[in-house]
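>>> Predicted model follows, preceded by the sequence.
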2 protein chains.
Amino acid sequence: MQGTVIEIEKAATVLKLLGDKTRLTMVKILDSNDCCVCEFVEIFKASQPAISQHVRKLKDAGVVRETRRGQWIIYSLNKGSDYYRLVQSLLQNLPDQDHKLQELEEQGLRISCE
Amino acid sequence: MQGTVIEIEKAATVLKLLGDKTRLTMVKILDSNDCCVCEFVEIFKASQPAISQHVRKLKDAGVVRETRRGQWIIYSLNKGSDYYRLVQSLLQNLPDQDHKLQELEEQGLRISCE
DNA sequence: ATATTATATAAGTAAATTGTTATATATTAA
DNA sequence: TTAATATATAACAATTTACTTATATAATAT
């Protein structure tokens, strides 16, 4: 079950991108749920521009993709990315982050992503 | 066959470390062969201090370990590291780098690591 | 002992990264 | 049309990174 082998230079670029606590957590969350920027702002207690810049980097690399839904822009993992396999094999080693979204839900801050 | 789950913050630190072409290639090489600094200097056509600083970072994080053998210091993957599983799952996605050591061998620049 | 070879470390610098504030754009609601 | 909400982007500052050069340390060979 060997996935696509990735050129080492490109792999390094993606790893650098994921070598940031915020972005890595984002990707782990996106692995089980789509999310919008305002939810990340709540989850990370960070400024909107800071979050926006993080997702932009992930998007530029093709790791995530965006879909506009009304006034929200929903981010999701890009399963068609060349890096998807690599990202998956990473994420398996990380603890579930679903509690972060659950907290939002309890506070009524979860955007309906349906 | 799930390995150790790694705290997300620590994982990010390791990914950042491996998010560098030189260090990522080093680790991929070390996955199949032990190496000393002078070999890396040849392989990467880089300065000795630059290489020394890269391996130091890998060592400080516990990803590699060093053993002195005479005047050489041999680096190898630290299989006892908490990150070993994570690193392994990454490396599987990368192309083999054995040709780099083979070239050294052909030039008679390979240090006997026995 | 001295020279040579392998490696490490320190200090300095240039470039890259990440956040901030301010502002622009796009959608929805009134 | 105007206000409110969600997001993006630009400009800037602080921090971090990854080299460089110079020098130190440690082992080996003469």
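Here it is on my side, so go on. What you see is a predicted model; the values in this text were computed from it and never measured.

>>> going forward, measure contacts and count neighbours with C-alpha atoms only.
OK.

>>> How far does stretch A:44-60 sit from its chain's centre?
Mean C-alpha position of stretch A:44-60 versus that of the full chain (CA atoms, centre = their mean, to the nearest Å) differs by 10 Å.

>>> Check what contacts that stretch and list those residues.
A:17, A:22-23, A:37-38, A:40-41, A:64-66 (CA atoms under 8 Å, 6 or more residues apart in numbering or on different chains).

>>> What residues of the longest helix seen in chain A count as buried?
Longest helix of chain A, by residue count under DSSP state H: helix A:48-60. In terms of neighbour count (16 or more other CA atoms under 10 Å in any protein chain shown), helix A:48-60 has its buried residues at A:51, A:54-55, A:58-59.

>>> go on, stretch A:31-49?
Buried residues in stretch A:31-49 (16+ other CA under 10 Å): A:31, A:34-43.

>>> gap between the two ends of it?
Stretch A:31-49 has an end-to-end distance of 23 Å (criterion: CA to CA, to the nearest Å).

>>> where's A:Asp96 relative to A:Asp34, distance?
15 Å.

>>> Can you check the pLDDT for A:Glu89?
One correction, residue A:89 is Ser, not Glu. For A:Ser89, the pLDDT comes out at 97.

>>> could you redo the buried residues of helix A:48-60 as a markdown table and give each row pLDDT and distance to DNA strand D?
Listed next are the buried residues of helix A:48-60 as a markdown table, based on pLDDT from 0 to 100; distance: CA to the nearest atom of the strand, whole Å:
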| residue | pLDDT | distance to DNA strand D |
| --- | --- | --- |
| A:Ile51 | 98 | 7 |
| A:His54 | 98 | 9 |
| A:Val55 | 98 | 7 |
| A:Leu58 | 98 | 11 |
| A:Lys59 | 98 | 9 |
